[in-house]
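Trainee: Have a look at this fold, sequence not included:
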């Protein structure tokens, strides 16, 4: 018994030690990232014009307001003389300059996107979305943002740059959960003009890759799942303390009856309101309910409901990713958009749902109207379909790219005639160790 215990301890320590390495990897979107592209399109030593672009190459994660806030650290004493398509939040100390002052003299500038409706003389192509970027699946035409800026080295500075074009370091986008790597030089970007008859290219191009990690975004989950079925009267709720526990430090909630007549939220557009969730057993801002509604001869119907328990936030352009073996035979979705995520070759068991624009793509704050729902119709795959042992329920659910807490499989609603089988199985598991002990004693 000693070697077995030692082996189990070694395996456990190995898993605990190396688990953090996988926090930034999502098997449903293994190549998903946000790429910052830094193109130098004209200039000379120390002075140049840069075209900076952000691309959201993630399948189902998007950027909500207040959006991205791009920041970096200059290598020397560079300044931004002017910008089009974005702006620096601070001008900084430009007292060493005379006459026309630079747009920003900050060592570590923070750049924000311009708002929709910005005057045309301040715009460039693909700008001015207020920092909001769509995911690749929801709206491929709005997954990128671009701005231009003129960069110069302070003529009074004696700092020598390491290269003809000073590329900054320590990039961040100031979004929870994202970590950016160093800039890497790549082949120069090419640009087309005159209806594709002429091509030009950048003097130099650098890419910065930013990866999302759910554990970095929040130490606690943000959503949970409840289950029910027409063949069982039991409604399996979200696990207790899925996201927080009432009464513990850092956990706060309120009841709708105790809400003030007017909630005071941040006036600064760059700030997001702190969560104000309803007091529940699960303490999650989002709950997803999967209900097996009806069974036909060749099809079965499921109702999906997403409920917002956050009094201080609307979720715009929300998305829901589900994993279930029968999604490959999904026949109809009644009030959501849907697209399968084919990430594992012939296996098609994962799909993405999101709202219909101007109809239910906005999940309103907690209260009346604070939910969206749909029904889906699935074909019963021969040789696979069953209502037994919880097969009809999803394996994994993610809301806005964050995995939700699922109930334990032991608690899934079961068929009425499966109760005795389950009880017998559990009894067998309990009696076998006792019999083994008796055998050793005798």
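Mentor: Great, that's in hand. Keep in mind that this is a model prediction, so the values were computed, not measured.
Trainee: helices and strands of this protein: which one has the lowest mean pLDDT?
Mentor: helix 2-18 (a mean of 42; mean pLDDT, DSSP states H and E).
Trainee: Could I get the contacting residues of the closest residue to residue 144 other than its chain neighbours?
Mentor: Setting aside the residues directly before and after it, residue 144 is nearest to residue 55 in space (C-beta to C-beta, 6 or more residues apart in numbering), at 4.7 Å. For glycine as for every other residue, the C-beta is placed from the backbone atoms N, C-alpha and C. Contact partners of residue 55, counting by C-beta atoms under 8 Å, 6 or more residues apart in numbering, are 34-35, 37, 143-144.
Trainee: check contacts around residue 165.
Mentor: Residue 165 neighbours (C-beta under 8 Å, 6+ apart): 40, 43, 48, 203-204.
Trainee: tell me which element it is part of?
Mentor: Using DSSP states H and E, residue 165 falls within no helix or strand.
Trainee: I'd assumed residue 91 was in contact with residue 79.
Mentor: No: if you go by C-beta atoms under 8 Å, residue 79 and residue 91 don't touch, sitting 9.9 Å apart.
Trainee: who has more neighbours, the two?
Mentor: For residue 79 against residue 91, the residue with the higher neighbour count under other C-beta atoms under 10 Å is residue 79, and the figures read 24 against 16.
Trainee: Please confirm that residue 410 is located within a helix.
Mentor: Yes: assigned with DSSP: H, G, I helix; E, B strand; the rest coil, residue 410 falls within a helix.
Trainee: do you know how far it is from residue 288?
Mentor: Per C-beta to C-beta, to the nearest Å, residue 410 is found 20 Å from residue 288.
Trainee: Residue 49: neighbour count?
Mentor: By other C-beta under 10 Å, 16 other residues sit near residue 49.
Trainee: Contacts only, for it.
Mentor: Applying C-beta under 8 Å, 6+ apart to residue 49 gives the contacts 40-43, 148-151.
Trainee: State the paired neighbours of the host helix or strand of it in the sheet, together with their directions.
Mentor: Using DSSP H and E, residue 49 sits in strand 47-56. Here strand 47-56 is paired, per DSSP bridges, with strand 34-44 (antiparallel), strand 144-153 (antiparallel).
Trainee: Can you tell me which of those strands is most buried?
Mentor: Mean neighbour counts were compared across these using mean count of other C-beta atoms under 10 Å; the top stretch is strand 144-153, at a mean of 21.
Trainee: And the contacts of that strand?
Mentor: Under the criterion C-beta under 8 Å, 6+ apart, residues 41, 43, 46-56, 68, 76-86, 102-103, 111, 113, 124-127, 129, 131, 133, 159, 161, 166 lie in contact with strand 144-153.
Trainee: Can you pull out the low-pLDDT segments for the stretch 151-300 of the chain?
Mentor: 154-164, 257-272 (pLDDT under 70).
Trainee: Do a quick rundown of the strands in it.
Mentor: 169-172, 178-180, 184-186, 190-193, 198-201, 204-212, 223-229, 232-236, 253-254, 277-278, 286-295, 299-308 (DSSP state E, counting those that start in this stretch).
Trainee: most packed of those?
Mentor: The most buried one of the strands of the stretch 151-300 of the chain (mean count of other C-beta under 10 Å) is strand 223-229, showing a mean of 24.
Trainee: and that one with strand 232-236, angle?
Mentor: 170 degrees (axes from the mean of the first three to the mean of the last three C-alpha atoms, to 10 degrees).
Trainee: tell me what strand 223-229 is packed against?
Mentor: If you count contacts as 3 or more C-beta pairs under 8 Å, 6 or more residues apart in numbering; DSSP states H and E, strand 223-229 packs onto strand 232-236, strand 286-295, strand 396-399.
Trainee: Take these and write them to CSV, including distance to residue 225.
Mentor: Listed next are the helices and strands packed on strand 223-229 as CSV, based on distance: least, C-beta to C-beta, whole Å:
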stretch, distance to residue 225
strand 232-236, 9
strand 286-295, 5
strand 396-399, 5
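Trainee: between those, which one is nearest to residue 243?
Mentor: With C-beta to C-beta as the criterion, residue 243 lies closest to strand 286-295 of these, at 8.9 Å.
Trainee: Skipping adjacent residues, who's closest to residue 379 in space?
Mentor: Nearest non-adjacent residue to residue 379, counting by C-beta to C-beta, 6+ apart: residue 329, 3.9 Å away.
Trainee: can you count the residues close to that neighbour?
Mentor: Using other C-beta under 10 Å, residue 329 is surrounded by 15 other residues.
Trainee: now swap in the one 10 residues further on and tell me
Mentor: Counted with other C-beta under 10 Å, the burial measure for residue 339 works out to 14 neighbours.
Trainee: Pairing partners for the helix or strand containing it, with directions?
Mentor: Secondary structure assignment for residue 339, by DSSP H and E: strand 337-340. Using DSSP bridges, the strands paired with strand 337-340 are strand 350-354 (antiparallel).
Trainee: how far is the strand it pairs with from where the chain is centred?
Mentor: For strand 350-354, the separation from the chain centroid amounts to 14 Å (computed by C-alpha atoms, centre = their mean, to the nearest Å).
Trainee: what touches both of residue 79 and residue 91?
Mentor: Shared contacts of residue 79 and residue 91, defined by C-beta under 8 Å, 6+ apart, comprise 102-105.
Trainee: Buried among the contacts of strand 144-153? Make that a ChimeraX selection.
Mentor: Command for ChimeraX, covering only those of the contacts of strand 144-153 found buried under the criterion 16 or more other C-beta atoms under 10 Å:
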select :41,43,46,48,49,50,51,52,53,54,55,56,68,76,77,78,79,80,81,83,84,85,86,102,103,111,113,124,126,127,129,131,133,161,166
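Trainee: On the three-state scheme, residue 328 is what?
Mentor: The assignment at residue 328 comes out as helix when based on three-state DSSP.
Trainee: so it touches residue 348, yeah?
Mentor: Yes: with contact defined as C-beta under 8 Å, residue 328 reaches residue 348; the gap is 4.1 Å.
Trainee: Which residues are in contact with each of these two?
Mentor: What both residue 328 and residue 348 touch, as defined by C-beta under 8 Å, 6+ apart, is the set residue 340.
Trainee: Look at residue 386 and say how many residues are nearby.
Mentor: By other C-beta under 10 Å, neighbour count at residue 386 equals 12.
Trainee: just residue 33 next, same as before
Mentor: Other residues near residue 33 come to 19 when the count uses other C-beta under 10 Å.
Trainee: My understanding was that it contacts residue 211; is that so?
Mentor: Yes: applying C-beta under 8 Å as the test, residue 33 and residue 211 come out as touching, 5.5 Å apart.
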